[in-house]
Every structure is written in C-alpha cells, then in structure tokens.
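Chemist: model this:
(one chain, ligands or ions: 1)
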Amino acid sequence: MFTLSPLPYAHDALEPVLSRETLEYHYDKHHKGYVTKLNELAAGKGVTATTLEELVMNASGAIYDNAAQIWNHDFYWAGLCAPADKQPTGALAAALSAKYGSFEGFKDTFEAASMALFGSGWSWLVVDAGGRLEMFCGSNADNPLKHGSTPLLGCDVWEHAYYIDYRNLRTDYLKAFWTIVDWDRVAERYGKVVKK
Ligand code: MN3
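Modeler: Predicted coordinates for the structure are as follows:
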C-alpha cells in the first residue's frame, strides 16, 4: 500500500500565494487521488514494487503516471514554505549565477520555459547526469529521475496548481511562486548531489 505523505505545513501556510482552497483541492483531492488510483492499479496488476522510486524508474502506463505524480507532488510540497521571499545562498547561488548570469536570469529562464510548456506538466531545476545545473520541463507526469537527473526544485504547472488563485494566468502563478520557494531546502538538496 502506498500512502499519502503528510502535507509539511498547514493548508493555509502558503497564503496569500496559494490559498487554503487551492491546497484543499490540490493536496486533498488531486494528490490524494493519485495515491488512491495507484493502490487500485497496483492491487489489480499484482505490483510487487514497494517504493515510488522503483515505479518511477521501471513502470509504464497508468501505474507510472500515478506513481510519478505522487513523487512529484511530495517533492513539490517539500520545496515550498510560507512566503518569505528567500534567495539562494552559497554554492547554489554561485552555480545559478555561473549558469544563468544571475538569480534574476535563472528566474527569467525558468518562467519562459514554464510558459512554453504546452498543456500540463512540470518545470524542474536539476543537476544532470554530468553534474551540471540544468532546467528540465516535462509533460504530464514526466520526472527528472527517469532522465538520469537529480531534481532540486519542482514547479507544478498543471492548471490544477493555480486556477483557483490565478485563473488561467500561469505567468502570475510563476511570478508569485518564487516567494514561497524554500531555497534552504533546495540548497540542502544541491549539497547532497555535489558531495556524491
Ligand atoms: Mn498537481
């Protein structure tokens, strides 16, 4: 049985960037729904994998889609915090500046790539297989682990992530997103990759 990971903060913790209502739908309905569906599918097909990572790396079709969506959402929630407008620091800040010119340059690139993603999907800051900082955009339930990359930050750009608060305006959601990114968590993830 796969279980729904607890939300790492209260439903209203991300207000006013993401409302309580958005989290009630996004976490309690969409995210939870993937867990329910995965358990139904796994029981029906006699799946023996016990971790989401195994399914993300090896499964296909609906089992992959639901497993990856659970993994992606766990990662997304864990990378956010109450609005604090944090900034990257230390080695991560230096790596972002080296790659994108500045933190502003990174944000512009990330926003533009996220806007160019057609339909539903995810935008990611990753460290690729060669140890380089990269951006990765994937449709639907795509996941960087499948491509040999290690994710540092994930942004859900499915409409269900923002339509209650921003209607159809993905660009407004993306601009507001930066104020709730937990850059301390992202730096911690980066530290683990570069230490390997
Ligand atoms: Mn979502």
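Chemist: give the buried residues for the worst-scoring helix or strand of the chain on mean pLDDT.
Modeler: Ranked by mean pLDDT, DSSP states H and E, the helix or strand of the chain with the weakest confidence is helix 183-195, at a mean of 93. Of the residues in helix 183-195, 183, 185-187, 189-190 count as buried by neighbour count, 16 or more other CB atoms under 10 Å. Backbone N, C-alpha and C define where each C-beta goes, glycine included.
Chemist: pLDDT on stretch 139-155, on average?
Modeler: Computed over stretch 139-155, the mean pLDDT rounds to 97.
Chemist: contacts for it next, please.
Modeler: With CB atoms under 8 Å, 6 or more residues apart in numbering as the test, stretch 139-155 has contacts from 53, 56-57, 64-66, 68-69, 71-72, 75-76, 79, 92, 110, 114, 117-129, 134, 136, 138, 174, 177, 181, 186, 189-190, 193.
Chemist: of those residues, buried ones?
Modeler: With burial judged by 16+ other CB under 10 Å, the buried subset of the contacts of stretch 139-155 is 56, 64-66, 68-69, 71-72, 75-76, 79, 92, 110, 114, 117, 121-127, 134, 136, 138, 174, 177, 181, 186, 189-190.
Chemist: sorry, back to before: export the least confident helix or strand of the chain as CSV, just CAs?
Modeler: Output of helix 183-195 as CSV, limited to C-alpha atoms (Å, rounded to 0.1, in the frame of the first residue of the first chain):
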residue,chain,number,x,y,z
TRP,A,183,15.8,27.9,-1.0
ASP,A,184,17.3,26.4,2.1
ARG,A,185,15.7,23.1,1.2
VAL,A,186,16.9,23.5,-2.4
ALA,A,187,20.4,24.3,-1.2
GLU,A,188,20.3,21.2,1.0
ARG,A,189,19.4,19.0,-2.0
TYR,A,190,22.1,20.6,-4.0
GLY,A,191,24.7,20.0,-1.2
LYS,A,192,23.8,16.2,-1.3
VAL,A,193,24.3,16.0,-5.1
VAL,A,194,27.6,17.8,-5.2
LYS,A,195,29.0,15.8,-2.3
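Chemist: what is that helix packed up against?
Modeler: Helix 183-195 sits against helix 90-100, strand 121-127, strand 150-156, with contacts defined as 3 or more CB pairs under 8 Å, 6 or more residues apart in numbering; DSSP states H and E.
Chemist: next one: that helix to chain centre, how far?
Modeler: On the basis of CA atoms, centre = their mean, to the nearest Å, helix 183-195 sits 15 Å off its chain's mean C-alpha point.
Chemist: just stretch 31-47 next, same as before
Modeler: On CA atoms, centre = their mean, the centre of stretch 31-47 falls 21 Å from that of its chain.
Chemist: pull the residues that contact it.
Modeler: For stretch 31-47, the surrounding residues in contact (CB under 8 Å, 6+ apart) are 1-4, 49, 55, 59, 62-63, 66-67, 69-70, 73.
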